[in-house]
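Undergrad: pasting the sequence and the predicted model now:
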Amino acid sequence: MMESFTGEIQLFAFNFAPAQWAFCQGQLVAIQQNTALFSLIGTQFGGNGQSTFQLPNLGGQVVAGAGQGPGLSPWVQGEQEGSQQVSLLLQEIPQHTHGLRAYDQRDATKRHATPANGDALALPGNAALATKDVTPNTQFPLQMLDVTGQSLPHENMQPYLALNFCICLQGNFPAFQ
């Protein structure tokens, strides 16, 4: 088998990092023990650059190529974007309508002017709920058409298969061409 390059990242289907490899979990490592790897990745993933640097954190992340794809913004190596949860804004939900249902309350003893729990919008007899020929004589109470929803974020993740990303700590130093 060919020896790996220092800084190379691979996927592994087993639950341990092989010898001379480390999980890509964003851990801080000492520069003094990993000078070759530090010379390749520096502090683009974090660390103070004096005594420590950080390995990439690929836990819960999707890997994307650096650069600019067609119609995309440029992505810088080490940049993190996106979120695992999102709250939709009004402008982001599909256009739709909520119908208003009105029920005719024929029993005059059950009619009242103040809304109560379980009430429906109703008119006496066979009167139309709203027509262009009727002049309004009152305003609906504020609680008549109330706001709904809680604006809580929802999960925003694509389907996934969990594997372990590992980075080679010690291997062949990649040559520039």
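TA: That came through, no problem. Numbering: from 1, shown residues only.
Undergrad: pull the distance from stretch 5-21 to the chain's centre.
TA: Offset of stretch 5-21 from its chain centre (C-alpha atoms, centre = their mean, to the nearest Å): 28 Å.
Undergrad: that one: end-to-end distance?
TA: Stretch 5-21 has an end-to-end distance of 11 Å (C-alpha to C-alpha, to the nearest Å).
Undergrad: same thing with stretch 22-41?
TA: End-to-end distance of stretch 22-41: 14 Å, with C-alpha to C-alpha as the criterion.
Undergrad: for that stretch, which outside residues touch it?
TA: Applying C-beta atoms under 8 Å, 6 or more residues apart in numbering, the contact partners of stretch 22-41 are 6-7, 9, 17, 45-47, 49-59, 164-167, 169-170, 173-174. Every residue, glycine included, has its C-beta placed from N, CA and C.
Undergrad: could you list the paired strands of the least confident helix or strand in the chain by mean pLDDT along with their orientation?
TA: The helix or strand of the chain with the poorest confidence is strand 154-155; it has a mean of 82 (mean pLDDT, DSSP states H and E). If you go by DSSP bridges, strand 154-155 pairs up with strand 85-86 (antiparallel).
Undergrad: what does the partner strand contact?
TA: 153-156.
Undergrad: now with 10 Å?
TA: Strand 85-86 is touched from outside by 92, 152-157, with contacts defined as C-beta atoms under 10 Å, 6 or more residues apart in numbering.
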